[in-house]
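Trainee: my questions are about this predicted structure, shown below with the sequence.
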Amino acid sequence: MITISGVSKSFNGNLVLDGISLHVPAGELAVLMGLSGTGKSVLLQHMIGLIAPDAGSIRVDGTEVIELSERQLLLFRRKMGYLFQDNALYDFMTAGENLAFPLKEHTQLSAADIHTKVGRYLKMVDMQGVENKFPAELSGGMRKRVALARALIMDAKVLLCDEPTSGLDPIRSRDISKLIRDLSKKTGCTTIVTTHDMMNAFRIADRAFVLDKGKIVAQGTEKELKASAELFVQEFLQDQ
């Protein structure tokens, strides 16, 4: 489903991604782990075409992302959901309006069908009844749930989550992580989550990739990573 081959990217002479290659099969939930500033979010943004690589290939569901025009990228992104670290909800819209916005912009659904779908997706994230509340009226965990519903509402085939537990307390972090996994499996999404929250990463991941200095230094299950001979992996795991 998602295949990245030899991707490199520099910003102002600073090498952020250094020949990264990975493959995430359809339906898998993969986690990108590593310290802050190791390129996790940058790699995620490459997958959705927000950033173009200096070298390499990015294929998502058979499409070579770097070959798409701006118009083609807009169409391509409709099948992808992106959960931003800061949620990126429109503060001047209610929760219901935030979810309805992409449906109004990109589908021919009637107002009644949009209302029904918004209610269904809010229920999926246990947020039924908040349609008329503005983001400022919701807690951090509630805003994250609404943002997750919006990321999925276009029936996304791919879900990308950038540090979804950032700023949340341990209990909310656990709950959001579990919800991402449950919805990923329920909808059949291919899901990639970036995080340095290793405890929650291992709770939800089918497989994890560890990044260090722009390279993938290890990948595998929790058991496989804990058995890794890579020095950085051992230090990273012990520090968490």
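Mentor: Everything's here; your move.

Trainee: quick one: the helices in the protein, in order.
Mentor: 40-47, 70-76, 95-106, 111-124, 140-152, 170-187, 198-204, 222-226, 231-239 (DSSP state H).

Trainee: what sits up against the last one?
Mentor: In other words, helix 231-239. The contact list for helix 231-239 (CB atoms under 8 Å, 6 or more residues apart in numbering) reads 33-35, 198, 210, 212, 217-218, 225-226, 228. In this view, the C-beta of every residue, glycine as well, is placed from N, C-alpha and C.

Trainee: now a PyMOL select for only the buried ones of these.
Mentor: Selecting only the buried entries of the contacts of helix 231-239 in PyMOL, with 16 or more other CB atoms under 10 Å as the criterion:
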select buried, resi 33+34+198+210+212+217+218+225+228
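
Trainee: tell me which of the helices of the chain lies nearest to Leu29.
Mentor: Minimum separation from Leu29 across the helices of the chain (CB to CB) falls at helix 170-187, 5.1 Å.

Trainee: pLDDT of that closest one, averaged?
Mentor: Mean per-residue pLDDT for helix 170-187: 93.

Trainee: between it and helix 140-152, how big is the angle?
Mentor: If you take axes from the mean of the first three to the mean of the last three CA atoms, to 10 degrees, helix 170-187 sits at 20 degrees to helix 140-152.

Trainee: contacts for helix 170-187?
Mentor: Identification of contacts with helix 170-187 by CB under 8 Å, 6+ apart yields 27, 29, 83, 124-126, 140-141, 144-145, 148, 152, 155-156, 159, 161, 164-165, 168, 189, 191, 193, 197, 200-201, 203-204.

Trainee: buried subset of these?
Mentor: Neighbour-count burial (16+ other CB under 10 Å) applied to the contacts of helix 170-187 gives 29, 83, 124-125, 141, 144-145, 148, 152, 156, 159, 161, 164-165, 168, 189, 191, 193, 197, 200-201, 204.
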